[in-house]
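> quick one, fold the following:
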Amino acid sequence: MNKNPLHHISLKKIVLFILTLVFCFGIIRYQKNYTFYAIGLVLFVWLFSHIIRSYTVEKWAIISDRALSSLKDEISSYVDTVNIPMVLTDKRQVIRWNNPAFVGLVKKEASSHRLTNVIKDFNKPSKDKSIIYGGTKFIKEVFEYKEKKKTYFLYRMIDIKNDTPASTIYQNYLGVIAVILIDNYSELTSARETLSRAEVTYSIEKMLYEFAKPINGFLKKTSRDKYILVFERRYLAGLIQSKFEILDRISNINVDGAKPTISIAVGIGNSLKDSYSSAQKSLDLAIGRGGNQAVIRRKDKFSFYGGPKGSIIRSSKVKSRMLSHALRNLIEQCDKVFIMGHTTPDFDSLGSAMGVAACSRFVGKPTYIVLEPPTASLDEYIDKVKSHEEYSGKIISPPESISLVTPSSLVVIVDTQIETLVASSELLRLSETTVVIDHHLKGTNNISDAILYYHEPFASSTAELVTEIIQYFDDAIHLLPVEAEALLSGISVDTKSFSFKTGVRTFEAASYLRKFGADTTTIKRYFKNDYETVIARAEVIKSCEKIDEHIAIGFCPRGIKSPQLVAAQAADTLISINGISTSFVFSSQDDDILISGRSIDGQNVQLILERIGGGGHSTIAGARLTGVTYDEAKEMLINAIDKDKKS
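The predicted structure follows:
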């Protein structure tokens with residue numbers, strides 16, 4: 001940097017000053033008239049003061065230019081920065097430079113004046129750092145700039161109504177990527193004539209292109225059932241406002257009995273690459289939750305719109321066959337196999353665990369089922385299982401599993417995918433190789449590091465999935481009757497004796513289990529209730545209340561035997577009553593409040609209970625609340641129901 005102060009003065013003014021000085025000297029030297037002396041002196045003083053003023057103006061203009069350059073990252077947060085009033089002051093708030101916008105605001109050149117003399121209320125305290133001048137509200141911004149051990153301050157006045165932040169413009173026009181998947185493409189095309197398949201595809205694509213047009217989107221088909229849509233972020237609010245009505249329009253297509261559904265996965269990031277990565281994660285979640293919905297991922301938060309309105313049946317077993325082979329490879333490579341389900345185990349969890357144990361036993365690996373203390377409904381069956389030689393010492397508690405696990409062990413999680421719901425969180429943490437097999441709708445806090453993840457939300461139960469895995473595991477595998485009964489019991493429990501979420505694959509699995517001695521008559525005996533349970537269930541139904549035309553809620557009395565079983569049975573019974581399509585029953589366990597939700601042609605109970613930390617399926621779901629009373633839990637549920645209706 002040039003330290004000579006004369007570098008602020010232009011060459012033209014320096015030359016003019018020298019010529020004037022020569023002229024004045026000539027007058028004094030050759031003219032002895034005092035009048036000429038006075039004229040020369042005045043001319044000299046005027047020119048000198050003019051040069052000094054010019055020097056000062058140019059000096060501060062250069063300093064302000066350096067300040068603006070140094071602070072460019074901070075002050076470039078608005079689009080039209082030039083038209084924002086700005087001043088540069090010293091420590092005493094004497095204005096050393098002001099831009100044309102500030103001059104236009106205060107109607108005069110303000111250099112060398114104190115800022116508070118120009119705008120009297122400038123330093124008046126304000127919570128939002130605002131000031132009203134000339135009837136306009138401004139937000140004050142101040143930036144510090146140091147040069148040659150001197151400190152200067154750059155002040156800006158932001159018109160909050162007319163000055164648009166650059167970040168807003170940037171965000172509005174930033175690209176958003178959506179991945180659109182036809183959920184049931186295979187089922188739509190496999191059993192139809194070529195003409196019908198083409199008509200279904202044409203109907204879907206026509207609606208998708210109509211959907212993309214108003215938002216100026218670019219739609220590209222990337223495979224037979226997948227599309228990429230790119231559009232500007234400013235259009236996203238409108239899509240959210242419409243609740244992605246394209247979902248309903250697609251599901252209303254009916255060509256030769258075809259009922260297609262789509263999943264829309266939207267990713268929002270700071271670049272197209274980030275947006276696409278987020279869209280892929282949204283798609284995994286949308287598929288895992290049953291499809292027919294839109295999922296938006298913004299940073300690490302997900303938003304959901306739409307969702308399955310009923311049970312959807314899938315007929316393909318390709319995934320089961322592939323996973324069966326992969327699971328066998330993992331079992332053969334490990335030294336021990338640990339299998340665990342969720343806390344408060346049920347027949348689906350236990351039966352699935354025993355099915356995987358049969359596969360592990362066939363390979364010849366030491367196998368353990370990690371089980372929390374079972375509910376009363378499972379006590380009798382657990383005793384029966386333990387009496388078999390193959391299961392002697394193989395059903396262990398969570399603390400016992402910690403002392404047995406090794407780095408080479410395989411941990412298989414069945415009937416849950418949520419980290420906090422597994423029987424032993426510590427065992428999951430210690431596991432280096434994890435497999436998850438589950439049929440519940442996917443949430444946002446699921447196990448993320450599983451090496452093998454078999455998730456099929458359209459299956460009736462995890463027991464059905466495990467039965468299919470066994471079928472493809474090896475032709476020579478043989479189930480014990482107690483294992484076949486446990487698997488069939490799991491299917492029977494989750495389908496409510498084959499009345500919910502039951503498809504062709506469900507009956508095929510049941511038929512397979514019958515070959516190994518699963519006796520339906522024996523299974524019914526395990527589901528028989530004692531007298532106290534029946535009375536408690538009747539009390540719940542008798543005291544239930546309707547909070548809506550078709551929604552009923554009930555409460556289990558505290559201190560009863562098997563409260564969770566009573567709540568589930570009471571919820572099932574309530575939706576069998578004419579006029580009630582959705583039910584919720586509360587029960588207490590230790591310090592927790594449990595909610596069992598059921599629906600038949602009613603609201604999606606999974607979406608409702610998910611709002612308060614629960615999950616499940618659209619027709620069967622549950623939630624566990626800690627540290628709340630019945631009344632507080634009831635209020636939380638009613639709020640969740642209201643929010644679900646509004647959405």
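
> and the gap between the residue most central in space within the chain and N446?
By Cα atoms, centre = their mean, the chain has its centre lying nearest to F302, at 1.6 Å. F302 is 11 Å from N446, where distance means Cβ to Cβ, to the nearest Å. Every C-beta, even on glycine, is put in place using the N, C-alpha and C of the backbone.

> try T619
In terms of Cβ to Cβ, T619 sits 21 Å off from N446.

> what does E419 give?
Counting by Cβ to Cβ - E419 and N446 are separated by 7 Å.

> rewinding a little: list the contacts of the residue nearest to the centre of the chain.
282, 285, 295-296, 444 (Cβ atoms under 8 Å, 6 or more residues apart in numbering).

> part of a helix, is it?
No: F302 sits outside any helix when classified using DSSP: H, G, I helix; E, B strand; the rest coil, being strand.

> mind giving me the domain split of the chain?
5-70, 72-167, 194-219+236-306, 318-526, 533-646 (automatic domain parsing).

> nearest to D183, of those?
Taking Cβ to Cβ, domain 194-219+236-306 is the member of the domains of the chain nearest to D183, at 3.5 Å.

> quick one on the thing from earlier: so for T619 and N446, which sits in the more crowded spot?
T619 (23 against 20; other Cβ atoms under 10 Å).

> so what sits opposite the closest residue to the more buried one other than its chain neighbours in the bridge?
Distance criterion Cβ to Cβ, 6 or more residues apart in numbering; nearest residue to T619, sequence neighbours excluded, is S599 at 4.9 Å. Beta bridges link S599 to T582, judged by DSSP bridges.

> what is the neighbour count of G175?
15.

> which parts of the stretch 401-550 of the chain are strands?
410-414, 433-438, 452-455, 545-546 (DSSP state E, counting those that start in this stretch).

> ugh, wrong one, I meant the stretch 151-300 of the chain
Using DSSP E, counting those that start in this stretch, strands in the stretch 151-300 of the chain cover 175-182, 218-223, 226-232, 262-268, 293-298.

> measure the nearest residue to V405 once chain neighbours are set aside to P407 for me?
Among residues not flanking V405 along the chain, L430 sits closest, at 5.5 Å (Cβ to Cβ, 6+ apart). The gap separating L430 from P407 is 9 Å, by Cβ to Cβ.

> of those two, which one has the most company?
Per other Cβ under 10 Å, whichever of L430 and P407 has more neighbours is L430, with 16 against 9.

> gap between the two ends of stretch 125-133?
With Cα to Cα, to the nearest Å as the measure, the ends of stretch 125-133 fall 15 Å from one another.

> avg pLDDT for that stretch?
For stretch 125-133, the mean per-residue pLDDT is 81.

> how far away from the center of its chain is it?
Centre-to-centre, stretch 125-133 and its host chain are 37 Å apart (Cα atoms, centre = their mean, to the nearest Å).

> repeat that for stretch 275-293.
Using Cα atoms, centre = their mean, the offset of stretch 275-293 from its chain centre is 10 Å.

> how about that stretch, which residues are buried there?
If you call a residue buried by 16 or more other Cβ atoms under 10 Å, then stretch 275-293 has these buried ones: 275-276, 278-279, 282-293.

> assign a three-state SS to G622, would you?
strand.

> and the pLDDT for it?
For G622, pLDDT reads 88.

> for it, give the beta-bridge partners.
Going by DSSP bridges, G622 forms beta bridges with S596, G615.

> that one and A294, how far apart?
25 Å.

> touching, L637 and I612? I think so.
Yes: counting by Cβ atoms under 8 Å, L637 does reach I612; the two are 6.7 Å apart.

> and those two? which has more neighbours close in?
Taking neighbours as other Cβ under 10 Å, L637 and I612 compare with L637 leading, 25 against 16.

> which element is the more buried one on?
L637 belongs to helix 630-646 when assigned by DSSP states H and E.

> buried ones in that helix?
633-634, 636-637, 640-641, 644.

> can you check stretch 143-150 too?
143, 145.

> okay, now the unreliable bits of the stretch 251-400 of the chain?
By pLDDT under 70, the low-scoring segments of the stretch 251-400 of the chain are 255-258, 288, 307-318, 375-377.

> can you list the residue ranges for helices in it?
272-288, 318-333, 347-363, 376-386, 398-404 (DSSP state H, counting those that start in this stretch).

> and the last one, how far from the chain's centre?
For helix 398-404, the gap between its own C-alpha mean and the chain's C-alpha mean amounts to 34 Å (Cα atoms, centre = their mean).

> buried residues, it. List them.
Buried, per 16+ other Cβ under 10 Å, within helix 398-404: 398, 401.

> and that helix, what does it pack against?
strand 337-340, strand 367-370, helix 425-430 (3 or more Cβ pairs under 8 Å, 6 or more residues apart in numbering; DSSP states H and E).

> then the third one?
Using 3+ Cβ pairs under 8 Å, 6+ apart as the contact criterion, the elements in contact with helix 347-363 are helix 318-333, strand 337-340, strand 367-370, helix 376-386, strand 410-414, helix 462-473, helix 481-494.

> among the ones you listed, which is nearest E58?
strand 410-414 (74.6 Å).

> hang on, the earlier thing: how much space between the residue nearest to the centre of the chain and K243?
16 Å.

> with adjacent residues omitted, what lies nearest to D274?
Per Cβ to Cβ, 6+ apart, closest to D274 is G267, 7.3 Å.
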